[in-house]
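> how would this look folded up:
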Amino acid sequence: MDEKTFCARVNDTATLAFKSDKPKFLGFLTEAERGKAEELLKQRSAKFEFFGGFEEADRVMLCCKPDWCDEAVFPITPVTATFRECDSLTHRDILGALMGLGITRESVGDILIESGRAVFFVTEEVSDFVISELHKAGRVGVKLSLGAHTPLPQMSSLQLFRETVASLRLDCVVSAIVNTSRAGATSLIEEGFVCLNGVPVSKATRSVSQGDKISIRGKGKFTVTACKDLTRKGRTVLEYSKYV
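Next comes the predicted model:
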């Protein structure tokens with residue numbers, strides 16, 4: 001979906017929530033789409049929230065809310081797929097099977113996989129259809145059921161890292177965390193491969209602060225956990241975590 005169309009859909013969702021006096025939903029959204037939607041809705045002082053079925057979800061649904069609504073009930077259904085532990089399933093297998101049913105990508109949220117079990121999140125309107133029609137993912141037979149028990153399969157684990165950087169400019173930070181040259185980092189930023197707090201950033205001079213989340217296409221997701229005092233050589237100590 002191009003940016004103009006996406007922005008129009010976000011604005012339409014907010015307008016419908018206001019006119020109908022009911023919560024209205026859009027998504028699932030990517031991290032970049034979430035950032036853009038948040039920017040648009042703050043500009044028009046709309047009431048909204050995001051949720052993806054669990055707190056750490058990457059893909060989330062947008063809810064535009066009327067003034068009376070404090071906590072929305074999102075139309076998201078978790079689905080559990082069980083399979084033999086000797087079989088192997090990937091994110092691509094599950095997503096491909098769902099797309100093969102003719103479901104749109106925005107109807108599918110995160111997909112979490114472990115040995116013998118996968119949990120994925122879909123919009124409520126397609127959940128019964130998925131349960132009745134999906135029997136195989138890749139070459140693996142699966143048995144589906146509504147809901148999911150906790151703990152959920154782990155998406156990833158966090159590792160902590162420490163580097164020193166010349167400054168907290170975005171190009172310096174990207175250069176350090178993906179081990180590339182400053183010119184290479186600038187190229188990634190200018191080509192639109194870098195998101196800062198969910199919003200694509202094109203300026204290498206943008207400043208980074210503690211708590212910022214940085215996503216780099218093809219490289220991973222990072223969170224700046226600390227920006228410490230300068231070293232004797234005048235460099236800043238940068239601490240960050242990475243999902244691996």
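
> residue contacts, the closest residue to Ile111 other than its chain neighbours?
Distance criterion Cβ to Cβ, 6 or more residues apart in numbering; nearest residue to Ile111, sequence neighbours excluded, is Phe120 at 4.3 Å. Using the backbone N, CA and C atoms, a C-beta is placed for each residue, glycine as well. Neighbour list for Phe120: 78-79, 81, 94, 98, 108-112 [criterion: Cβ atoms under 8 Å, 6 or more residues apart in numbering].

> paired strands for the longest strand along the chain, with orientation please.
Identified as the longest strand of the chain according to DSSP state E is strand 220-230. Strand pairing for strand 220-230, using DSSP bridges, gives strand 213-216 (antiparallel), strand 236-243 (antiparallel).

> just the CA trace of that strand, in PDB.
Output of strand 220-230 as PDB, limited to C-alpha atoms (Å, rounded to 0.1, in the frame of the first residue of the first chain):
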ATOM      1  CA  GLY A 220      17.600  -6.400  13.000                       C
ATOM      2  CA  LYS A 221      16.000  -4.400  15.800                       C
ATOM      3  CA  PHE A 222      17.800  -2.500  18.500                       C
ATOM      4  CA  THR A 223      17.000  -0.600  21.600                       C
ATOM      5  CA  VAL A 224      19.300   2.100  23.000                       C
ATOM      6  CA  THR A 225      19.500   1.200  26.700                       C
ATOM      7  CA  ALA A 226      22.000   3.800  27.900                       C
ATOM      8  CA  CYS A 227      24.200   6.700  26.600                       C
ATOM      9  CA  LYS A 228      27.000   7.100  29.100                       C
ATOM     10  CA  ASP A 229      29.700   9.600  29.800                       C
ATOM     11  CA  LEU A 230      32.500  10.400  27.400                       C
END
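
> pLDDT of that strand, averaged?
What strand 220-230 shows for mean pLDDT is 88.

> stretch 100-107 too?
Rounded mean pLDDT across stretch 100-107 is 96.

> just give the nearest non-adjacent residue to Ser145, would you?
Counting by Cβ to Cβ, 6+ apart, the residue nearest Ser145 is Thr80, at 5.1 Å.

> do you know how far the one you found is from Glu133?
16 Å (Cβ to Cβ, to the nearest Å).

> between the two, which is the more surrounded one?
Comparing Thr80 with Glu133 by other Cβ atoms under 10 Å, the one with more neighbours is Thr80, at 19 against 15.

> so who does the more buried one touch?
117-119, 144-149.

> so which of those residues is the most crowded?
Counting neighbours by other Cβ under 10 Å, Ala118 comes out on top of the contacts of Thr80 with 24 neighbours.

> dump the host helix or strand of Phe121 to PDB, restricted to CA.
Following DSSP states H and E, one finds Phe121 within strand 117-123. Provided in PDB are the C-alpha atoms of strand 117-123 (Å, rounded to 0.1, in the frame of the first residue of the first chain):
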ATOM      1  CA  ARG A 117       3.600 -25.500  18.300                       C
ATOM      2  CA  ALA A 118       3.000 -22.300  16.500                       C
ATOM      3  CA  VAL A 119       0.800 -19.400  17.600                       C
ATOM      4  CA  PHE A 120      -0.400 -16.800  15.200                       C
ATOM      5  CA  PHE A 121      -2.800 -13.900  15.500                       C
ATOM      6  CA  VAL A 122      -5.500 -13.000  13.000                       C
ATOM      7  CA  THR A 123      -8.500 -10.700  12.800                       C
END
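
> follow-up on the earlier one: from the contacts of Phe120, which is closest to Arg59?
Arg59 has its nearest neighbour among those in Gly109, at 4.5 Å by Cβ to Cβ.

> thanks a lot, catch you later.
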